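Undergrad: coordinates only, sequence not included:
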């Protein structure tokens, strides 16, 4: 059965400032529409109907991945009107998508399967995306929020405008329509009957979700809501463009160069961009080869931060060999190698690597209960206890001086001396507070001279998102991300846990009243860590363990604030003051110690 895809491409892009559907977003000048039609072709769609404005007729001459026909929307009267404008071009079951949205390949497979297997008169389909994954960092958006029954069918759908990412009242897991529908031609007949009423009333635009809602209530139509199996991204504001381009570059290089190097016989079915890291881009890839399904995690490394990826591979090997040789109880993840034996593959200016995907696990960005904190701290302590007899000098740090407090202070002096004037003014109070803790540098230098703290192998980043929890037992299965392993004082790893585990909210929480050292979490952290490392800590380490927390939190505040002052060169940000908010958050946490 032939199935068509109708692409709504006539929008004016008022908030974006122009025809966003024609903006080049791919590495070779691709539009989002090119990606949509390529994914639709792979899913089995036979033809595309592009709904455009009359002045966009030349679009037909572009070489698209699918055969296309044009339908003209002569007035900008909304998405229902756009679909109505294409009625004479549609000959059977069809999908509807927006030209300025990226739905992910798996969405097209979901739509195609529904059209072939389930679509019939009065029985339609919709891909539902979690609201929180469709909000823009750049400003307010409009979303059609779905109410779904226990069987997964749409009860109601309502358009909401002015939704902003920072609104704490939003039900973020609610499914929303991003206009990815699977429809039967009988719905076009319903639109044809409703069109004269719209023309008579003509109150605002004629929205497709509103007509779906009306069909449910007046025709007893049923709409199956299929939770999305891929991530959405789109262009609402012009400031969304760099993020979309970066993500598409990640997906392009992964699909065209990196994945084939590791799995030459495999075929990608789904890619999901994972969240939680500041430096790398991490993507889960589900793929198949010879009828077998598998998954792996691919990472695009940042060569400005980690210029020697082979050093990281060697550090990983040394630690993995030692842990496995000692009977370590947690899972050890080693890099996947290509058939030629390489652990690193370069695509353009970026190195890539891959790890096995540990199924039936989850991570946290911040803690939810004390038991979770205990488990996490105990897992870090166990990792340290198994490495206590490995010579730290065998490990070469990928970022030298990572916890060198004096070095970080000198970097601060350089950054503050080169600060952007307007940001220097806005950060005035935070700068004063940060510099009031200058004595932490002197304390670091004193302990270096005393030489009483032994060198150990540090993880360097034992945050919660680097721990994988079992979905059934909720126990830690793996401590991952060994990129920053290095010789150093164990008080720094303990301090990083205090920073990550004892604060009950995210490190970019702007409401400083919520930022605190949660005592039940702190007690669980201490108990968990000491349950594994208690017998091995020296008296000097016990004496200065909370000094490590002050150092780490202060250093992190310093790094966030320095990056803010020079224009956000290191940490990715979602809005202009993001790094300043992060710095104030950490300074508040330091105060709570």
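TA: Thanks, I have the structure now. Computed from a predicted structure; not experimentally measured. Residues are numbered from 1 along each chain as shown.

Undergrad: Okay, the closest residue in space to residue 249 that isn't next to it in sequence and residue 34: tell me how far apart.
TA: Nearest in space to residue 249, with sequence neighbours left out and distances taken as CB to CB, 6 or more residues apart in numbering, is residue 27 at 5.8 Å. C-beta here means a position set from N, CA and C on the backbone, and glycine is covered the same way. Per CB to CB, to the nearest Å, residue 27 is found 12 Å from residue 34.

Undergrad: ok, the closest residue to residue 546 other than its chain neighbours - how many residues close by?
TA: Distances taken as CB to CB, 6+ apart put residue 593 closest to residue 546, at 7.2 Å, once the chain neighbours are dropped. By the criterion of other CB atoms under 10 Å, residue 593 has 16 neighbours.

Undergrad: can you pull the contacts of residue 593?
TA: If a contact means CB atoms under 8 Å, 6 or more residues apart in numbering, then residue 593 has 498, 517, 546, 549-550, 553 as its contacts.

Undergrad: any idea where the helices of the stretch 51-200 of the chain begin and end?
TA: Ranges of helices in the stretch 51-200 of the chain, per DSSP state H, counting those that start in this stretch, are 79-85, 105-117, 186-201.

Undergrad: Show me which positions of stretch 436-448 end up buried.
TA: 437, 440-441, 444, 447 (16 or more other CB atoms under 10 Å).

Undergrad: should've said stretch 308-316
TA: 309, 312-313, 315-316.

Undergrad: Any idea how far apart the tips of stretch 142-160 sit?
TA: For stretch 142-160, the first-to-last residue distance is 5 Å (CA to CA, to the nearest Å).

Undergrad: chain center to it, what's the gap?
TA: Relative to its parent chain, stretch 142-160 has a centroid offset of 24 Å by CA atoms, centre = their mean, to the nearest Å.

Undergrad: List just the nearest of the buried residues of stretch 436-448 to residue 294.
TA: residue 444 (46.7 Å; CB to CB).

Undergrad: give the contact list for the closest residue to the closest one other than its chain neighbours.
TA: Closest residue to residue 444 apart from its sequence neighbours, by CB to CB, 6+ apart: residue 405 at 3.8 Å. Counting by CB under 8 Å, 6+ apart, residue 405 touches 440-441, 444-445, 551, 555.

Undergrad: give me that answer again for 6 Å
TA: By CB atoms under 6 Å, 6 or more residues apart in numbering, the residues touching residue 405 are 441, 444, 551.

Undergrad: While we're on the last one, how confident is the model there?
TA: Okay, so that is residue 551. Per-residue pLDDT puts residue 551 at 98.

Undergrad: Likewise for residue 275?
TA: 63.

Undergrad: likewise residue 530?
TA: Residue 530 carries a pLDDT value of 97.

Undergrad: what sits against residue 312?
TA: By CB under 6 Å, 6+ apart, the contact list for residue 312 reads 398, 483.

Undergrad: That one belongs to a strand, doesn't it?
TA: No. Assigned with DSSP: H, G, I helix; E, B strand; the rest coil, residue 312 falls outside any strand and is helix.

Undergrad: now it: how far from residue 356?
TA: Counting by CB to CB, the separation of residue 312 from residue 356 is 17 Å.

Undergrad: repeat for residue 22
TA: Distance of residue 22 to residue 356, given as CB to CB: 41 Å.

Undergrad: now residue 122
TA: Counting by CB to CB, the gap from residue 122 to residue 356 is 45 Å.

Undergrad: now do residue 113
TA: 28 Å.

Undergrad: can you check residue 222 too?
TA: For residue 222 relative to residue 356 (CB to CB), the value is 41 Å.

Undergrad: Please apply the same query to residue 50.
TA: Separation of residue 50 from residue 356 (CB to CB): 42 Å.

Undergrad: Same question for residue 392.
TA: Residue 392 is 27 Å from residue 356, by CB to CB.

Undergrad: go on, residue 567?
TA: From residue 567 to residue 356 the distance is 38 Å (CB to CB).

Undergrad: got it, and residue 206?
TA: Residue 206 is 50 Å from residue 356, by CB to CB.

Undergrad: the more surrounded of those two?
TA: Between residue 206 and residue 356, counted using other CB under 10 Å, the more crowded position is residue 206 (23 against 14).

Undergrad: Name all residues that make contact with that one.
TA: Counting by CB under 6 Å, 6+ apart, residue 206 has contacts 77-78, 80-81, 198.

Undergrad: give me phi/psi at residue 404?
TA: With angles defined as degrees, to the nearest 10, residue 404 sits at phi -80, psi 100.

Undergrad: What number of residues are in the vicinity of it?
TA: Other residues lying near residue 404 total 15 when counted by other CB under 10 Å.

Undergrad: Over to residue 342?
TA: For residue 342, using other CB under 10 Å, the count is 15.
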